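Asker: give me coordinates for this.
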Amino acid sequence: MEKKRGRKVMEDKEVVHRGIAVSFLCIAVFAFLVRVAISLHPYSGAGNPPKYGDFEAQRHWMEITLNLPPKEWYSNSTSNDLNYWGLDYPPLTAYQSYVHGLLLRFFHPEAVSLFTSRGHESYLGKLLMRWTVLLSDALVFFPAVLYFIVVYYAGHPNGLKTNIAWHIAIMLLNPCLVLIDHGHFQYNCISLGLTVAAVAAVLSEKELLACFLFCLGLNHKQMTAYFAPAFFSHLLGKCIRRQNPLLEISKLGLMVLGTFALVWWPYLHSMEAFLKVLSRLAPFERGIYEDYVANFWCTTSVLIKWKKMFTTESLKLFSLGATISSCLPSMVQQIWAPSSQGFLYGLLNSAFSFYTFSFQVHEKSILLPLLPATLLALEEPFLLKWITLNALFSMFPLLCRDKLVLPYIALSALFILICYHVPDRRQDRKETRSFNSFMTTFFVFCSVVLHGVYLTMDPPSRYPFLFEAVIMLLCFSQFMFLAFYSNAKQLMLLKHTILMDKEKKLL
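Answerer: Have a look, this model is predicted:
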């Protein structure tokens, strides 16, 4: 009997994995073609001298890493003017730039030659640059999504057939990530892919691998720190429940230190070299916010002129205190009662805290709260739809400047079409569905009106950024609603754990 049951379990797993493989392959091919189509459109700073935009920044980093030794990559010199797109991401981004630079130099050396390649915009150069992002997505983000899906659905064979394809599509066809990486031009797919893989490793109880992968993500883009409180609290909560907590914590700590030492090795020969790189990763001189980002500091600056009223040192303390305070409830829940579901909510809440209160947040930073929302898509389909639509809208002015309105509309329509086929949630109450419908209708109406106004009308000369400010205010209010909701959902898990503990004691 036991053998038959074991054989049945193995057969179920094979069916699950076969279904995942077929679904993933079909959707991945389509998602890749969508990325290729988006890459045919303009990018950040196209034909806009003297500094161009993010496309030129990434190309310039390839130029610098190829032609200068590592010790000079973060140093200001006659060969490396840090005022012209100086490298300001951790060393793993520099190594990635070097590898991609080798590809460009092999096929088109003029695109990465020192000094003479600044502002380079040849057809072949642009084509090669686009393919570096496409390959990064295919080699890092896509496999990470597959890893997560395999782990996530390992215990849900019955719900696989109806949910798996939808969940894969939601993750691989996220419009915000596709527009920023393959339209605007960045490599968020690498750091986010490493994070997704780290999450999958945590869910499969491979904590050492999770630490290694997360540290790689953190060393690719420092914004990955948005997820650090969730990883720290969840792993700490699991360690202190084991037979030898100190040993478990020590193993994870050594993995973290070893990974950082490996990545930072060229800059560990002296404290001066280390601090020089570190100072490039914290651009406090830019102020607490830039442009019109839908976070607390920028939104409230309509009433409180933070930059004028307070020094940078004071604002750093305000930002740090607010970020930590808003993270604490989520962290306490995971230290007290770590769970897979709580961990996913913790990732979302931690990222929301950083996006809302941390120093120097960009419009593109909404990609970080958006990532755990896609991981939780099956549990929270409405939350996913709501945060994605608001994230898209919050980035609309940026994408307009990049002349990406057409792909913005196309990917928004594709996302809405996918969401229309959301898995059936019969357990949702009628009142909840009515509220969701009202919220969706209200937001769509407001956003359609504001899209039309932004594209067809000029703002008053006295308030040149009025439309951006209105979009920012609307999106910020929605992000705050979602942040309160997701924190409440996670704290309900803590309440459930406390009640269960009391019942056990009574028994």
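
Asker: got the domain ranges for the protein?
Answerer: Under the assignment automatic domain parsing, the domains of the chain span 205-282, 291-507.

Asker: average pLDDT for the last one?
Answerer: What it means is domain 291-507. Averaged across domain 291-507, pLDDT comes to 87.

Asker: same check on stretch 244-260?
Answerer: pLDDT averaged over stretch 244-260 gives 96.

Asker: got TSV for the domains of the chain, with mean neighbour count and distance to residue 63 too?
Answerer: To be clear about C-beta, it is placed using only N, CA and C from the backbone, and glycine gets the same treatment. TSV is the format used below for these (neighbours: other C-beta atoms under 10 Å; distance: least, C-beta to C-beta, whole Å):
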stretch	mean neighbour count	distance to residue 63
domain 205-282	17	17
domain 291-507	17	22
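
Asker: off-centre distance for stretch 452-471?
Answerer: 28 Å (C-alpha atoms, centre = their mean, to the nearest Å).

Asker: hang on, the earlier thing: can you say which of the domains of the chain is nearest to residue 106?
Answerer: domain 205-282 (23.2 Å; C-beta to C-beta).

Asker: start to end distance for the closest one?
Answerer: For domain 205-282, the first-to-last residue distance is 33 Å (C-alpha to C-alpha, to the nearest Å).

Asker: before we move on, back to that, dump the domains of the chain into CSV; add distance to residue 168 as well.
Answerer: Shown next, in CSV, are these (distance: least, C-beta to C-beta, whole Å):
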stretch, distance to residue 168
domain 205-282, 20
domain 291-507, 10
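
Asker: between those domains, which gets nearest to residue 130?
Answerer: Closest of those to residue 130 is domain 291-507, at 13.5 Å (criterion: C-beta to C-beta).

Asker: that older thread, which one of the domains of the chain lies closest to residue 23?
Answerer: Closest among the domains of the chain, once you apply C-beta to C-beta, is domain 291-507, at 13.6 Å.

Asker: figure out how far the closest one is from the centre of its chain.
Answerer: 12 Å.

Asker: if we can go back for a sec, quick one: closest of the domains of the chain to residue 180.
Answerer: domain 291-507 (5.4 Å).

Asker: which one, of the domains of the chain, ends up nearest to residue 90?
Answerer: With C-beta to C-beta as the yardstick, what comes closest out of the domains of the chain is domain 205-282 (4.5 Å).

Asker: where's the residue positioned nearest the centre of the chain, which helix or strand?
Answerer: With distances taken as C-alpha atoms, centre = their mean, residue 368 lies nearest the centre of the chain, 2.9 Å away. Using DSSP states H and E, residue 368 sits within helix 367-375.

Asker: mind listing residues that contact that helix?
Answerer: Helix 367-375 is contacted from outside by 148, 152, 170-171, 174, 176-177, 180, 188, 192, 195-196, 199, 223-224, 226-227, 344-345, 347-348, 351-352, 354-355, 380, 383-384, 387-388, 391, 479, using C-beta atoms under 8 Å, 6 or more residues apart in numbering.

Asker: among those residues, which are in helices?
Answerer: Residues of the contacts of helix 367-375 located in helices (DSSP state H): 148, 152, 170-171, 176-177, 188, 192, 195-196, 199, 344-345, 347-348, 351-352, 354-355, 383-384, 387-388, 391, 479.

Asker: which of the three states applies to residue 460?
Answerer: At residue 460 the chain is in coil, as set by DSSP: H, G, I helix; E, B strand; the rest coil.

Asker: wait, it touches residue 469, no?
Answerer: No. Applying C-beta atoms under 8 Å as the test, residue 460 and residue 469 come out as separate, 11.7 Å apart.

Asker: joint contacts of those two?
Answerer: Counting by C-beta under 8 Å, 6+ apart, residue 460 and residue 469 have no common neighbour.

Asker: could you find the closest non-adjacent residue to residue 261?
Answerer: Counting by C-beta to C-beta, 6 or more residues apart in numbering, residue 261 lies nearest to residue 268, which is 6.8 Å off, once chain neighbours are set aside.

Asker: that neighbour reaches residue 274, doesn't it?
Answerer: Yes. Residue 268 lies in contact with residue 274 (C-beta under 8 Å); the separation is 6.2 Å.

Asker: ok, residue 201 to residue 333 distance?
Answerer: As judged by C-beta to C-beta, to the nearest Å, residue 201 and residue 333 stand 21 Å apart.

Asker: cool, and residue 360?
Answerer: 28 Å.

Asker: equivalent analysis for residue 227, please.
Answerer: On the measure of C-beta to C-beta, residue 227 and residue 333 end up 16 Å apart.

Asker: how about the nearest residue to residue 490, chain neighbours excluded?
Answerer: residue 345 (3.9 Å).

Asker: residue contacts, the one you found?
Answerer: For residue 345, the contacting residues are 330, 372, 376, 486, 489-490, 493, by C-beta under 8 Å, 6+ apart.

Asker: among those, name the ones in helices.
Answerer: Residues of the contacts of residue 345 located in helices (DSSP H): 330, 372, 486, 489-490, 493.

Asker: distance to residue 99 for the residues you listed - can I get that in JSON lines?
Answerer: Shown next, in JSON lines, are the ones in helices among the contacts of residue 345 (distance: C-beta to C-beta, whole Å):
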{"residue": "330", "distance to residue 99": "36"}
{"residue": "372", "distance to residue 99": "28"}
{"residue": "486", "distance to residue 99": "37"}
{"residue": "489", "distance to residue 99": "41"}
{"residue": "490", "distance to residue 99": "39"}
{"residue": "493", "distance to residue 99": "42"}
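
Asker: what's the closest of those to residue 339?
Answerer: Nearest member of the ones in helices among the contacts of residue 345 to residue 339, counting by C-beta to C-beta, is residue 493, at 6.6 Å.

Asker: what sits against the nearest residue to the closest one once chain neighbours are set aside?
Answerer: Leaving aside its sequence neighbours, residue 493 sits nearest to residue 342 (C-beta to C-beta, 6+ apart; 4.9 Å). Contacts of residue 342 were listed using C-beta under 8 Å, 6+ apart, and they are 234, 333-334, 490, 493-494.

Asker: okay, these in a markdown table with distance to residue 43 next?
Answerer: Supplementary listing: the contacts of residue 342 in a markdown table, determined by distance: C-beta to C-beta, whole Å:
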| residue | distance to residue 43 |
| --- | --- |
| 234 | 37 |
| 333 | 41 |
| 334 | 39 |
| 490 | 38 |
| 493 | 42 |
| 494 | 45 |
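
Asker: tell me which helix or strand residue 131 sits in.
Answerer: helix 123-136.

Asker: quick one: that helix to chain centroid distance?
Answerer: With C-alpha atoms, centre = their mean, you get 21 Å for helix 123-136.

Asker: by contact count, what packs against it?
Answerer: helix 2-38, helix 54-67, helix 91-107, helix 188-203 (3 or more C-beta pairs under 8 Å, 6 or more residues apart in numbering; DSSP states H and E).

Asker: ranking these by burial, who's on top?
Answerer: helix 188-203 (a mean of 26; mean count of other C-beta atoms under 10 Å).

Asker: which strands or helices does it pack on?
Answerer: Helix 188-203 packs on helix 123-136, helix 142-152, helix 175-179, helix 207-218, helix 228-239, helix 340-357, helix 367-375, going by 3+ C-beta pairs under 8 Å, 6+ apart.

Asker: ok, back up a step: closest to residue 115 out of the domains of the chain?
Answerer: When those are compared for distance to residue 115 using C-beta to C-beta, the nearest one is domain 205-282, at 21.0 Å.

Asker: ok so, going back, out of the domains of the chain, flag the one nearest residue 38.
Answerer: Using C-beta to C-beta as the measure, domain 291-507 is the one of these that comes nearest residue 38, at 5.0 Å.

Asker: cool, thanks, talk later.
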